[in-house]
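J.: following is a predicted model, sequence given first.
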Amino acid sequence: MEVLSAPLRVQFDYTRSVGPVIGAFLTGLRERRILGVRGSDGRILVPAQEYDPITSAPLAELVQVEPTGTVKSWTWVAETLPGQPFDRPFAWALVQLDGADTAMLHALDVTDPSQVSTGMRVRVRWAEERTGTIQDIACFEPGEAAEAVAPTEDTAEPVTILTTPVDMSYKHTASPQESAYLRGLAEGKLIGGRSEAGGRVYFPPRGANPTDGTPTDDLVELPDKGTVTTFCIVNVPFLGQRIKPPYVAAYVLLDGADIPFLHLVLGCEASEVRMGMRVEAVWKPRGEWGHALANIDHFRPSGEPDAPYESYQHHL
């Protein structure tokens, strides 16, 4: 059987609170200042770190360092990738800033590897527009003296939140078992797999049985009904959420399967969902089907009596 493959792209904004130390470091970058933090051994760590690398104790003493430094190590980038600082060849360099005891990684603006060497002196080139991220340092460039910058008064609030866009593209090639599973979904079928007759049925099927490594080649068509084993009521809103809380994400054990899988349970109040609840799949319209489990929009209560605990206690 020919296996399926498809290009996939993962995109999301990773958002985190930065805390007082990293927040001060990022706020300083926005103000064209570079802050390090003093460790328990007296070293100045740049970029500033929240915890001591030796004792793991919280760090708090911030120290400003110079925007000039020395290249400690470097590597040449002959072919650039999207999102990198330059669309032409350049160097990544570990630069130890004057006043710091550790090196920081950033781009170095040179056009030929003959222009860069360990020990060369460099300086910060600041971005014209700064927002409180590491990109406020546009790059390093060869030079002994710091870039002349006009003093500015930063009246914005200190940086407390950092949002980093994540964008990853790759090609996924499915195993033969996964290909059968995906083709089944495109036909409205739920295909599981087991490694031998009478063995455990995995849904989705795995390329190999995790207990003995044998392939799960014995394909089994399963019904679209099952039992809720465990569940979580989602009450907290988050970016990209398509359903208004509260709602339920539950592990559903399909009849005939031995491994539950995660899906939505809708069609009733979140407070009514319970372990042992019998549910059935609600499929999207046929015209919206693809090679994905998203063909099932959600599960809903089937109206059947709850399954006894003994029937799923070994599948939690």
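T.: Right, received. Where do you want to start?

J.: hey, where'd the helices end up in the stretch 1-150 of the chain?
T.: For the stretch 1-150 of the chain, the helices defined by DSSP state H, counting those that start in this stretch cover 19-30.

J.: any weak-confidence spans in it?
T.: Per-residue confidence for the stretch 1-150 of the chain (pLDDT under 70) gives these ranges: 1, 150.

J.: could you redo the last one with a cut-off of 90?
T.: 1-2, 11-15, 82-83, 144-150 (pLDDT under 90).

J.: tell me which stretches of it form strands.
T.: 5-17, 34-38, 44-45, 62-65, 68-77, 90-97, 104-108, 121-126, 137-142 (DSSP state E, counting those that start in this stretch).

J.: mind checking which of those strands is nearest Glu310?
T.: With CB to CB as the measure, strand 5-17 is the member of these nearest Glu310 (40.2 Å). Every residue, glycine included, has its C-beta placed from N, CA and C.

J.: now distance to Leu239 too, for the strands of the stretch 1-150 of the chain, in TSV please.
T.: Shown next, in TSV, are the strands of the stretch 1-150 of the chain (distance: least, CB to CB, whole Å):
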stretch	distance to Leu239
strand 5-17	6
strand 34-38	29
strand 44-45	32
strand 62-65	31
strand 68-77	32
strand 90-97	31
strand 104-108	28
strand 121-126	30
strand 137-142	27
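
J.: between these, which one is closest to Pro285.
T.: Counting by CB to CB, Pro285 lies closest to strand 5-17 out of the strands of the stretch 1-150 of the chain; the figure is 21.9 Å.

J.: who does the residue nearest to Glu144 when sequence neighbours are not counted form a beta bridge with?
T.: Sequence neighbours aside, Arg121 is the residue nearest to Glu144 in space, at 4.9 Å (criterion: CB to CB, 6 or more residues apart in numbering). When bridges are called by DSSP bridges, Arg121 pairs up with Thr70.

J.: just checking, Arg121 touches Thr70?
T.: Yes - with contact defined as CB atoms under 8 Å, Arg121 reaches Thr70; the gap is 6.1 Å.

J.: how many neighbours does Ser221 have?
T.: Heads up, residue 221 is Glu, not Ser. 10 (other CB atoms under 10 Å).

J.: what do you get for Val166?
T.: Burial of Val166 is recorded as 9 neighbouring residues (other CB under 10 Å).

J.: for the helix or strand harbouring it, which strands pair with it and how are they oriented?
T.: Secondary-structure element containing Val166, defined by DSSP states H and E: strand 161-173. Take DSSP bridges as the rule and strand 161-173 pairs in its sheet with strand 5-17 (antiparallel).

J.: quick one, the partner strand and helix 19-30 angle?
T.: Taking axes from the mean of the first three to the mean of the last three CA atoms, to 10 degrees, one finds strand 5-17 and helix 19-30 inclined to each other by 100 degrees.

J.: hang on, the earlier thing: out of the strands of the stretch 1-150 of the chain, which gets nearest to Arg300?
T.: When the strands of the stretch 1-150 of the chain are compared by CB to CB, strand 5-17 sits nearest Arg300, at 28.3 Å.

J.: and the residue lying closest to Glu272 once chain neighbours are set aside, what does it touch?
T.: For Glu272, ignoring the flanking residues on the chain, the nearest one in space by CB to CB, 6+ apart is Pro301 at 7.7 Å. If a contact means CB atoms under 8 Å, 6 or more residues apart in numbering, then Pro301 has 265, 267-268, 272, 277-280 as its contacts.

J.: those residues, buried ones only, as a PyMOL selection?
T.: With 16 or more other CB atoms under 10 Å as the criterion, this PyMOL line picks the buried residues out of the contacts of Pro301:
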select buried, resi 265+277+278+279+280
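
J.: among the contacts of Pro301, give me the pair with the biggest separation.
T.: Distances among the contacts of Pro301 were taken as CB to CB; the most separated pair is Glu272 and Glu280, at 15.3 Å.

J.: in stretch 86-101, what counts as buried?
T.: Buried residues in stretch 86-101, counting neighbours by 16+ other CB under 10 Å, are found at 90-91, 93-97, 100-101.

J.: tabulate those residues (TSV), appending distance to Arg16.
T.: Putting those into TSV (distance: CB to CB, whole Å) gives the following:
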residue	distance to Arg16
Phe90	28
Ala91	29
Ala93	26
Leu94	25
Val95	25
Gln96	27
Leu97	25
Ala100	24
Asp101	26
